[in-house]
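J.: dropping the sequence and predicted coords here.
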Amino acid sequence: MIILKIGGSILTNKDSAESEVDSASLKRIASEIKASLDISQKQLIIVHGAGSFGHPPAKEYKIGEPFDESEYPQKRIGFCKTQNAVKKLNMLICEAFIEEELPVVAVPASSFMSATDKRITEGNLDYFKKYLQKGFIPVIYGDVVLDSNLEICVISGDQLIQYLAKNLNPEMVVLGTDVDGVYNKNPKTHDDAIFFDRFSSLEDLDTLEGTTNVDVTGGMVGKIKELLYLADLGIESKIINAEVEDNIFKVLENEEVKGTVISRGN
Ligand code: ADP
């Protein structure tokens, strides 16, 4: 089984005020996945981020922050707006994938997962397994869920990767984003950033600058933290640049692709 995450940075224009899907990238990525599946059948789970769809309402309503009881009705509407926004993005993604004859089925976190203090503590994956056995590609995405302490919270695609990988024991965990992998500092704002082939500790970062984008779920640092947690369990993952044509195809075909492997051993 392969767990593939496609970052919101690739699928949407995160910096835009409007929710815009990047149709060209979406189509290209869908066709790269299809080309690989045509060569050989693989069990595949797709995780995607919320990008410019989920972040604005989640931020506006401060989802995940403590609040007074009197604010609950407003918070709940914020939850609904965020859930609906990411569902729209998911629908556009699934539409593009189905167009390429990929048998995707949406399995939204908000319908079966819950959290405690922003960490997923419940989420039965039996349906994932059933869909995989039947040859479907389950698709899950950054979403809002109920939280037993905070009432509601946001769950990032990166936390979902961690939860799925921990519980499903995949052969490969790949994250496609808009940079080649992990650097000692943000490569988009620092020309002298140094690239890591392998990454094993947050101490290797110069700064804990989150991301170039406004992101309620932590950007690159949030990503790395989730993946280091997986590394602690002995599960390696790789961050690659999904903007580079054929990278997704190559990684699915086990071909060499530039990227950063997150593991604890060197
Ligand atoms: P995605 O939406 O693909 O999950 P994010 O936008 O959350 O990705 O995170 C990727 C971004 O993180 C990159 O575009 C980059 O600008 C930023 N970033 C910040 N620090 C680093 C770093 N040390 N190494 C690589 N990228 C970094």
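T.: Perfect, I can see it now.

J.: which stretches in the stretch 101-250 of the chain count as strands?
T.: For the stretch 101-250 of the chain, the strands defined by DSSP state E, counting those that start in this stretch occupy 104-106, 113-116, 119-123, 137-141, 143-147, 151-155, 172-177, 198-199, 237-241.

J.: now those strands as TSV including distance to Leu92?
T.: The C-beta positions use only the backbone N, C-alpha and C, and glycine is treated the same way. Shown next, in TSV, are the strands of the stretch 101-250 of the chain (distance: least, CB to CB, whole Å):
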stretch	distance to Leu92
strand 104-106	11
strand 113-116	22
strand 119-123	24
strand 137-141	11
strand 143-147	15
strand 151-155	20
strand 172-177	17
strand 198-199	32
strand 237-241	22
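
J.: any idea which of those gets closest to the ligand?
T.: strand 172-177 (3.4 Å; CB to the nearest ligand atom).

J.: helices or strands up against the closest one?
T.: When contacts are defined as 3 or more CB pairs under 8 Å, 6 or more residues apart in numbering; DSSP states H and E, strand 172-177 packs onto strand 2-6, helix 8-11, helix 157-168, helix 219-232, strand 237-241, helix 247-252.

J.: any idea of the mean pLDDT in the shortest one?
T.: Helix 8-11 carries an average pLDDT of 89.

J.: likewise for the fourth one?
T.: When the per-residue pLDDT values of helix 219-232 are averaged, the result is 92.

J.: name the helices or strands packed onto it?
T.: helix 157-168, strand 172-177, strand 237-241, strand 259-262.

J.: returning to what we had before: deepest-packed of the helices and strands packed on strand 172-177, please.
T.: Stretch with highest mean neighbour count among those: helix 8-11 (a mean of 26; mean count of other CB atoms under 10 Å).

J.: pLDDT below threshold where in the stretch 151-266 of the chain?
T.: Along the stretch 151-266 of the chain, segments meeting pLDDT under 70 span 207-218, 266.

J.: need the distance between the two termini of stretch 203-223.
T.: 15 Å (CA to CA, to the nearest Å).

J.: reformat the helices and strands packed on helix 219-232 as a markdown table; add distance to the ligand.
T.: Below are those laid out as a markdown table (distance: least, CB to the nearest ligand atom, whole Å):
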| stretch | distance to the ligand |
| --- | --- |
| helix 157-168 | 6 |
| strand 172-177 | 3 |
| strand 237-241 | 8 |
| strand 259-262 | 8 |
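
J.: turn these into TSV, columns for distance to Pro187.
T.: TSV is the format used below for these (distance: least, CB to CB, whole Å):
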stretch	distance to Pro187
helix 157-168	18
strand 172-177	11
strand 237-241	10
strand 259-262	11
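
J.: to Ala30, which of the ones you listed lies closest?
T.: Counting by CB to CB, Ala30 lies closest to strand 172-177 out of the helices and strands packed on helix 219-232; the figure is 12.4 Å.

J.: how much space separates Asn169 from Asn124?
T.: 16 Å (CB to CB, to the nearest Å).

J.: and Glu171, by the same measure?
T.: 22 Å.

J.: right, and Pro103 touches Gly135 too?
T.: Yes. Taking contacts as CB atoms under 8 Å, Pro103 lies within contact range of Gly135: 6.3 Å.

J.: look at the two and report which has more neighbours.
T.: Pro103 (14 against 10; other CB atoms under 10 Å).

J.: distance check, the more buried one against the ligand.
T.: Pro103 sits 24 Å away from the ligand, taking CB to the nearest ligand atom, to the nearest Å as the criterion.

J.: try Ile224
T.: Distance from Ile224 to the ligand, by CB to the nearest ligand atom: 8 Å.

J.: could you do Ile33 as well?
T.: 16 Å.

J.: and the residue of the chain found nearest the ligand, how many neighbours?
T.: Residue nearest to the ligand within the chain: Gly7 (1.8 Å; CB to the nearest ligand atom). Burial of Gly7 is recorded as 27 neighbouring residues (other CB under 10 Å).

J.: so it makes contact with Ser156?
T.: No. Gly7 sits out of contact with Ser156 when judged by CB under 8 Å, with a separation of 10.5 Å.

J.: nearest residue to Val21 other than its sequence neighbours?
T.: Leu92 (4.8 Å; CB to CB, 6 or more residues apart in numbering).
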